[in-house]
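1. I need the structure of the sequence given here:
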Amino acid sequence: MQGQQVSHYRLTDKLGAGTFGEVWTGVHVDDPDFTVAVKLVSPQVRDDPAFLTALRKECRALDRLDHPSIVRFRELVVRDGTVAMVLELLEGDDLEAVLAAGPQPIDEVVRILDKVLDGLAYAHSEGVVHRDIKPGNIFRCADGRVKLTDFGIARAADGTWATQTGTQTGTLDYMAPERFSRGGGSAASDVYAVGLVAWELLAGRRACEGLDLPQKLGWHVSEGISDVRQVRPDCPAWLAEVVAALGSKEEAARPADGAAALALLRARRGGTKAPVAPAMSALTAPGTVALSTAEVAGARSLSSAAPGTGSGPPVGDRARPGPAPAGRSGGSVKLLGAVAAVAAVLLLGVGGWLGKRELDRRAEQAVQAALEAAYQAAASVDTIAAWTAFLEAYPEHPRSDEAEAARSKAIEAEIARTGIADWVPIPGGRFMMGSAEHEAAQPVHPVTVASFELMKREVTVAQYRKCVRAGACTEPDDNVSCNWGDAAREDHPVNCVDWMQATAFAAWAGGRLPTEAEWEYAARSGGKEQAYPWGNEPATCSRAIMSPDMERSHTSGCGENRTWPVCSKPEGNSAQGVCDLAGNVFEMNQDTWHETYEGAPADGTARESASSQRVLRGGGWARDPSRLRASHRHRDAPERRYINVGFRLAR
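-> Down below sits the predicted model:
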């Protein structure tokens, strides 16, 4: 096998073997520096037409998964008796190896959990459920990246196909209780598995350690994970609560999908006791709340499968529903398909005992209940996509007028959000972060930042007001020097808000707070070795809103003793055109505070820990020029509100 060419790649080293074949390193024949992983499918399964059909569908699904936390699929090769999947080659260790090293640091567990849920949220939004989340399928790269791997048994979330057709797939140690009763897998069962993995990383041992197969089944259904603080006393309460929610044995108590779980993690990490969000995969899945037409029609026609009169017990094979049709295009996620399926099973089960009229009546009741549940599911998400999907699926629904009105309202809300920010693209790159002149900014260290977008301006009072009117944000303080409540300051940066209010605005506006590395990279005009966004010239009132002389209070705000309208000092813009990265207001970052950069991530991601403080950057109108340097770091408690602090978003 070594030396064999598969597509454009020559096999060099065998990396491992599994149920379906072997994994090899592949080197591009024209570029020896470009390497991939090649999964060769074994002869025992590659000649099965059903397997090959399912594999092609699977690869089409994987091909659309383009996310930093998901291993990249490159191509499917079916040629000359060879069937192979070509994938991104990863260097590092899977979490099996990490777990073997014992309990992991709190901030590292949080970082891994955030990355895994971010990738899972994206997969779920594309209609793909993993179904085999476990430590061996999560990879921590040598450069710090975290990747979900082995979507080899992943399937479309509408359940119409799977590589192992008709079988229960996944690893028992991480299998959600509901899968034992109804099989398959769901976004919520993926979340359950992530919760168990997080518990194990904190505890340094298996959740099901020492149990045999029957005991594991009973453990998942009846016990579940304990409070992780019993085995890891230093775990912060908020993290223990998140892990407990993700790993809850009760499906209804669990975040519905990756996006909801990620939102919970980030909200609790910031100190907010936010309710668990509804399934966010609904935002991009056209068929999210739709029972298929065949499912509804099938429930209504059940009586045709029942005898006119019945005596004796029901016969299981007297009537069987046919195969479900393929789901809607676009990777639909049908939250309510199970409703019709359960109704059908129950009605078929009693069909032998009931007369046709009674069966018709019960079938209609089941349909009406399912239709009402579909409406309530759309209402719980309340987005344009959800209401559009509902109206397309049920154009003659009894509540279609209400749904149309709700859709119109959602459109109005979206219009209010659009245009909330002028986004400036910041091309990624490598730079030296920190400064030898400031102890908290040491050691100076290399960081590689991925491309991102940053708001041109700090969030203004007018922009924040839209979020308040939409009911997604709470009002800032309106004390003296706070800009809220002053009609003349609508174009000033919003201040007197805390970190939780900033993250709530970010969630509403479709962004996030920048990481500390992203912020400094942007403030250095794309990572240049310069002190300020404009270069190395001193900070003056021609370039920034500040206090040039802290001994003389009347100089604060360059003589105004307050903030200025955003982008008032274009001379101080960065090379990319971003305003006020020095002065006006300090800007909140995503990271928790650490006294130095020792142990900081090198990939530009946020640094998280149990710290009670958050990072602030950029200086403000009441601070001296030294605070305006791109490398200067400041911090405060996330619940505090200041006249000198605001924020801007990244995405």
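
2. C-alpha only now, for contacts and for neighbours.
-> OK.

3. Make sure I have this right: V367 is in a helix.
-> Yes: V367: assigned to a helix according to DSSP: H, G, I helix; E, B strand; the rest coil.

4. show me where pLDDT drops low in the stretch 151-300 of the chain?
-> The model of the stretch 151-300 of the chain has pLDDT under 70 over residues 152-171, 180-184, 214, 271-300.

5. ugh, wrong one, I meant the chain
-> Ranges of the chain meeting pLDDT under 70: 18-19, 152-171, 180-184, 214, 271-364, 366, 412, 414-419, 550-555, 610.

6. Quick one: end-to-end length of stretch 224-237, please.
-> For stretch 224-237, the first-to-last residue distance is 18 Å (C-alpha to C-alpha, to the nearest Å).

7. and what of stretch 126-138?
-> Counting by C-alpha to C-alpha, you get 19 Å between the two ends of stretch 126-138.

8. Spit out the contact partners of T460.
-> 490-494, 566 (C-alpha atoms under 8 Å, 6 or more residues apart in numbering).

9. Can you get me a residue count around the nearest residue in space to it that is not next to it in sequence?
-> Spatially, and ignoring its direct neighbours in sequence, T460 is nearest to P493 (4.1 Å; C-alpha to C-alpha, 6 or more residues apart in numbering). Neighbour count for P493, taken as other C-alpha atoms under 10 Å: 31.

10. In this structure P493 contacts Q463, no?
-> No: using C-alpha atoms under 8 Å, P493 makes no contact with Q463, being 9.2 Å away.

11. Now do the contacts for the residue nearest to T460.
-> With C-alpha under 8 Å, 6+ apart, P493 has these contacts: 458-461, 483, 563-566, 584-585, 646-647.

12. Just grab the bridge partners of V449 for me.
-> In this entry, V449 is beta-bridged to G429, by DSSP bridges.

13. Now the terminal residues of stretch 570-588, how far apart.
-> Using C-alpha to C-alpha, the end-to-end distance of stretch 570-588 comes to 22 Å.

14. Can you report how many residues lie near the closest residue to L62 other than its chain neighbours?
-> Nearest residue to L62, sequence neighbours excluded (C-alpha to C-alpha, 6+ apart): F73, at 6.3 Å. Neighbourhood size, F73 [other C-alpha under 10 Å]: 23.

15. In contact with F73, which residues?
-> F73 is in contact with 59, 62-63, 65, 85-88, counting by C-alpha under 8 Å, 6+ apart.

16. Show me what it is bridged to.
-> Counting by DSSP bridges, F73 is bridged to L87.

17. rewinding a little: buried subset of the contacts of F73, written for ChimeraX?
-> The buried residues among these can be selected in ChimeraX (16 or more other C-alpha atoms under 10 Å) with this line:
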select :59,62,65,85,86,87,88
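
18. Any chance of the contacts of F73 in CSV with distance to A602 as columns?
-> Formatted as CSV, the contacts of F73 follow (distance: C-alpha to C-alpha, whole Å):
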residue, distance to A602
C59, 32
L62, 28
D63, 28
L65, 25
M85, 31
V86, 28
L87, 24
E88, 21
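
19. Name the nearest of the contacts of F73 relative to D401.
-> Set against D401, the nearest of these by C-alpha to C-alpha is L65 (36.2 Å).

20. Let me know whether the closest one touches R72 as I believe.
-> Yes: using C-alpha under 8 Å, L65 is in contact with R72, at 7.4 Å.

21. before we move on, the earlier item: how much space separates the residue nearest to L62 from V83?
-> Relative to V83, F73 is positioned 15 Å away (criterion: C-alpha to C-alpha).

22. In helices only, show me the contacts of P493.
-> Among these, the ones falling in helices (DSSP state H) are V461.

23. Which strand or helix spans the residue nearest the centre of the chain?
-> The chain has D118 as the residue nearest its centroid, 3.0 Å off, counting by C-alpha atoms, centre = their mean. Element membership of D118 [criterion: DSSP states H and E] is helix 106-125.

24. Between its first and last residues, how far does stretch 64-79 reach?
-> 23 Å.

25. again with stretch 254-262
-> Using C-alpha to C-alpha, the end-to-end distance of stretch 254-262 comes out at 12 Å.

26. How far does it sit from its chain's centre?
-> Chain-centre distance of stretch 254-262: 8 Å, with C-alpha atoms, centre = their mean, to the nearest Å.

27. circling back: and the contacts of F73, which is closest to P601?
-> Checking the contacts of F73 against P601 with C-alpha to C-alpha, the nearest one is E88 at 22.1 Å.

28. what's the spacing between that closest one and D13?
-> 15 Å.

29. quick check: domain ranges of the chain?
-> 5-88, 92-283, 293-402, 423-646 (automatic domain parsing).

30. circling back: columns distance to E639 on top of the contacts of P493, output as TSV?
-> TSV is the format used below for those (distance: C-alpha to C-alpha, whole Å):
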residue	distance to E639
E458	20
V459	19
T460	20
V461	19
N483	18
T563	21
W564	24
P565	25
V566	24
N584	21
V585	17
G646	13
F647	14
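
31. Restricted to strands, list the contacts of P493.
-> Among the contacts of P493, the ones falling in strands (DSSP state E) are G646.

32. now the contacts of P493: which count as buried?
-> Neighbour-count burial (16+ other C-alpha under 10 Å) is assigned, among the contacts of P493, to 458-461, 483, 563-566, 584-585, 646-647.

33. Looking at the residues you listed, which one is closest to P538?
-> Proximity of these to P538 (C-alpha to C-alpha) peaks at N584, which lies at 16.2 Å.

34. Surely that closest one touches M546?
-> Yes: using C-alpha under 8 Å, N584 is in contact with M546, at 6.4 Å.

35. surely D549 meets A622?
-> No: using C-alpha under 8 Å, D549 makes no contact with A622, being 9.7 Å away.

36. the more surrounded of the two?
-> Taking neighbours as other C-alpha under 10 Å, D549 and A622 compare with A622 leading, 27 against 15.

37. how much space between the more buried one and T563?
-> According to C-alpha to C-alpha, A622 stands 9 Å off from T563.

38. how far does stretch 386-400 sit from the chain's center?
-> How far stretch 386-400 lies from its chain's middle: 28 Å, per C-alpha atoms, centre = their mean.

39. residues of it that come out buried?
-> 386-391, 393-394, 397, 400.

40. Give me the distance between the two termini of that stretch.
-> Termini of stretch 386-400 sit 13 Å apart (C-alpha to C-alpha).

41. same thing with stretch 483-493?
-> Using C-alpha to C-alpha, one end of stretch 483-493 lies 8 Å from the other.

42. same thing with stretch 454-467?
-> Stretch 454-467 has its terminal residues 19 Å apart, counting by C-alpha to C-alpha.

43. Please apply the same query to stretch 89-108.
-> The first and last residues of stretch 89-108 sit 23 Å apart, counting by C-alpha to C-alpha.

44. where exactly do the strands run in the stretch 151-300 of the chain?
-> Assigned by DSSP state E, counting those that start in this stretch, the stretch 151-300 of the chain shows strands spanning 155-156.

45. all helices of it, in order?
-> Using DSSP state H, counting those that start in this stretch, the helices of the stretch 151-300 of the chain run over 178-182, 187-203, 213-218, 237-246, 258-269, 293-300.

46. Format those helices as JSON lines; extra columns: distance to D48 and mean neighbour count.
-> JSON lines is the format used below for the helices of the stretch 151-300 of the chain (distance: least, C-alpha to C-alpha, whole Å; neighbours: other C-alpha atoms under 10 Å):
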{"stretch": "helix 178-182", "distance to D48": "27", "mean neighbour count": "13"}
{"stretch": "helix 187-203", "distance to D48": "28", "mean neighbour count": "27"}
{"stretch": "helix 213-218", "distance to D48": "30", "mean neighbour count": "14"}
{"stretch": "helix 237-246", "distance to D48": "38", "mean neighbour count": "22"}
{"stretch": "helix 258-269", "distance to D48": "33", "mean neighbour count": "24"}
{"stretch": "helix 293-300", "distance to D48": "29", "mean neighbour count": "18"}
